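[1] sequence? don't have it. structure:
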Ligand SMILES: C[S@@+](CC[C@H](N)C(=O)[O-])C[C@H]1O[C@@H](n2cnc3c(N)ncnc32)[C@H](O)[C@@H]1O
């Protein structure tokens, strides 16, 4: 019997290592993912294989991205090459569009919390090749991802991700499920990319900049918060009341503002 844990491995803070140890919670997460034989699963940060073992048992194979060399060496002792394809790399520096090429993928991970937002944005690039994503993240981050307009947690992360994915917060996981226990509660989120045909057309760079600017000044009214992009009259032309605060607008309203800003920029250039 191979050892199940890497004895003597000290959890590395810089890699956000909190390993799942509790069978009950591992079981709940694996049931939520519900892998089927032949599913093309990619796991970010397999660590000591708490989820990996179960997923490979169900799907037969998994591709995983791990940054820690010691853990990567350990993982190679646990699985055959036909069970695990291991990419030893920093998930933030990976060219996701090439990794996600071809197959319709299911992405999972108990993510290192320090890189969760940039990683979520990087994965958006390849969302058209993804069936779904299941992640464990800090509860506060998941609350922001799924937040509705008009709430305190609604912000840039909510608007940008809700533009591209339908998201479901599934359940919370307490610190005691991990070794070492993190300081915060975690949550499991399911993200399902919306069909490309259903996405409203928008210039993503302008959309992202405008939404970022709006929420940087979330206490101001829109007329002030997005003044770099649109005049008051421009905001009205997009069908939005300039006296509202940024958190009052839904994703569609931000798309309309970004499109109006893009159109006006284009018209200015054409003059
Ligand atoms: C929170 S631990 C989860 C480990 C394991 N999946 C579990 O549930 O017990 C995060 C894992 O991600 C790895 N990791 C951290 N930063 C990474 C990065 N930039 N790219 C790839 N893996 C990373 C860590 O080494 C660690 O194995």
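    Now that the structure is in, tell me what you want to look at. Quantities reported herein were computed from a predicted structural model and do not represent experimental measurements.

[2] quick one, helices of the stretch 101-250 of the chain?
    116-124, 139-146, 156-164, 204-216, 222-225, 232-237 (DSSP state H, counting those that start in this stretch).

[3] which residues are in contact with stretch 130-141?
    Residues from elsewhere that reach stretch 130-141 (C-beta atoms under 8 Å, 6 or more residues apart in numbering): 29, 32-33, 100, 104-111, 113, 116-117, 120, 123, 145, 153, 157, 165, 170, 172-173, 182, 184-193. The C-beta positions use only the backbone N, C-alpha and C, and glycine is treated the same way.

[4] of the helices of the stretch 101-250 of the chain, which approaches the ligand most closely?
    When the helices of the stretch 101-250 of the chain are compared by C-beta to the nearest ligand atom, helix 116-124 sits nearest the ligand, at 7.6 Å.

[5] Measure how far that closest one is from the centre of its chain, please.
    Helix 116-124 sits 5 Å away from the centroid of its parent chain (C-alpha atoms, centre = their mean, to the nearest Å).

[6] and the residue of this structure nearest the ligand?
    For the chain, C-beta to the nearest ligand atom, closest residue to the ligand: residue 45, 2.1 Å.

[7] What residues does that residue make contact with?
    Counted by C-beta under 8 Å, 6+ apart, residue 45 has contacts 15, 16, 65, 66, 67, 91, 109, 110, 111, 112.

[8] Of these, just say which sits nearest to residue 201.
    residue 91 (29.6 Å; C-beta to C-beta).

[9] I'd guessed that closest one sits against residue 68; true?
    No: when contacts are counted by C-beta atoms under 8 Å, residue 91 is not listed as touching residue 68 (11.6 Å).

[10] coming back round to it: so which of the contacts of residue 45 is surrounded by the most neighbours?
    Neighbour counts for the contacts of residue 45 (other C-beta atoms under 10 Å) peak at residue 110, which has 28 neighbours.

[11] And the helices of the stretch 101-250 of the chain: which comes nearest residue 248?
    With distances scored as C-beta to C-beta, the stretch of the helices of the stretch 101-250 of the chain nearest to residue 248 is helix 222-225 (8.5 Å).

[12] What average pLDDT does the closest one get?
    Across helix 222-225, pLDDT averages out at 96.

[13] Would you map the strands across the stretch 151-271 of the chain?
    165-173, 178-179, 186-193 (DSSP state E, counting those that start in this stretch).

[14] ignore the last one, the stretch 1-150 of the chain
    Going by DSSP E, counting those that start in this stretch, the stretch 1-150 of the chain shows strands at 19-20, 40-44, 62-66, 84-88, 105-110, 130-138.

[15] Now do the second one against strand 105-110, angle only.
    Going by axes from the mean of the first three to the mean of the last three C-alpha atoms, to 10 degrees, strand 40-44 is angled at 30 degrees with respect to strand 105-110.

[16] Okay, domains of the chain per the record?
    13-197, 204-270 (automatic domain parsing).

[17] Now distance to residue 6 too, for those, in a markdown table please.
    A markdown table is the format used below for the domains of the chain (distance: least, C-beta to C-beta, whole Å):
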| stretch | distance to residue 6 |
| --- | --- |
| domain 13-197 | 4 |
| domain 204-270 | 39 |
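
[18] highest average neighbour count across the helices of the stretch 101-250 of the chain?
    Highest mean neighbour count of these: helix 156-164, a mean of 22 (counted as mean count of other C-beta atoms under 10 Å).

[19] tell me the angle of it relative to strand 165-173?
    Helix 156-164 runs at 130 degrees relative to strand 165-173, counting by the same axes, to 10 degrees.

[20] what sits against residue 36?
    Here residue 36 is in contact with 58, 59 (criterion: C-beta under 8 Å, 6+ apart).

[21] Any buried residues in the least confident helix or strand in the chain by mean pLDDT, and which?
    Sorting the helices and strands of the chain by mean pLDDT, DSSP states H and E puts helix 96-99 at the bottom, at a mean of 77. Buried residues in helix 96-99, counted by 16 or more other C-beta atoms under 10 Å: 96, 99.
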